[in-house]
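# fold the following for me, if possible:
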Amino acid sequence: MKKIEVIVKPFKLDAIKEALVELGIQGMTVSEVRELREGSCLTADDDFSENYQPRIKIEVVLADGLVEEAISAIQTGANSFGRNDAEILVEPVEKSIRIRTKETDQRGSPHAPGSGKGTR
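Model prediction:
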C-alpha cells in the first residue's frame, strides 16, 4: 500500500476529486493548510497571513497497483500551467488497521482492495 499526499491550490480540489472518483477512488482526507511563499524569509514580527498561502492537502491510501494511475489523475486535475501548482508525495504504508473491525494491512485501509472503497 502507498499513501499519496498532494498539496494544491484550493480551486483545484474539485478537479482532482473528480479525476480520482473516475478511477473508483472515493475515500480521501482533505485538510486546509498554509504554504510559505517561495523565496520568503520570515522574522518573528511577520504577519502570518502575508507570507503563507492557503492550500489544500489531499491524502489517499491505495493499493500499489493504483498508484501510477492516481498520480496521473492528480497531475491532470492539479495542473494550471502555473508555478507552484502542486506537489505530490508518495510514501509506503507499512500497516493499516481499521479501528472498528481490527482488520489489518490492505483490508484495514478504507481505500485498499477488499474494502469496497478506493477500488474499481
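# could you use CA atoms for every contact and neighbour count after this?
OK.
# strands of this protein, residue ranges please.
2-8, 29-36, 52-62, 86-92 (DSSP state E).
# adding mean pLDDT, distance to Glu103 and mean neighbour count, write the ones you listed out as a markdown table.
What follows is these, written out as a markdown table (pLDDT from 0 to 100; distance: least, CA to CA, whole Å; neighbours: other CA atoms under 10 Å):
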| stretch | mean pLDDT | distance to Glu103 | mean neighbour count |
| --- | --- | --- | --- |
| strand 2-8 | 94 | 17 | 22 |
| strand 29-36 | 90 | 20 | 14 |
| strand 52-62 | 91 | 15 | 20 |
| strand 86-92 | 90 | 18 | 14 |
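# so for Thr104, which of those sits nearest?
Judged by CA to CA, the one of the strands of the chain that comes nearest to Thr104 is strand 52-62, at 13.5 Å.
# and the closest one, what does it pack onto?
The contact analysis (3 or more CA pairs under 8 Å, 6 or more residues apart in numbering; DSSP states H and E) places strand 52-62 against strand 2-8, strand 29-36.
# in this structure, where is pLDDT below threshold?
Applying pLDDT under 70 to the chain flags the ranges 37-51, 82-85, 106-120.
# okay, now the residue nearest to Lys12 when sequence neighbours are not counted: neighbour count?
Nearest residue to Lys12, sequence neighbours excluded (CA to CA, 6 or more residues apart in numbering): Ala78, at 5.6 Å. Neighbourhood size, Ala78 [other CA atoms under 10 Å]: 25.
# residue contacts, Glu5?
57-60, 88-90 (CA atoms under 8 Å, 6 or more residues apart in numbering).
# turn those into JSON lines, including distance to Lys17.
Putting the contacts of Glu5 into JSON lines (distance: CA to CA, whole Å) gives the following:
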{"residue": "Lys57", "distance to Lys17": "12"}
{"residue": "Ile58", "distance to Lys17": "9"}
{"residue": "Glu59", "distance to Lys17": "11"}
{"residue": "Val60", "distance to Lys17": "11"}
{"residue": "Ile88", "distance to Lys17": "15"}
{"residue": "Leu89", "distance to Lys17": "17"}
{"residue": "Val90", "distance to Lys17": "17"}
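# list just the nearest of those to Ile99.
Nearest to Ile99 among those is Val60, at 17.6 Å by CA to CA.
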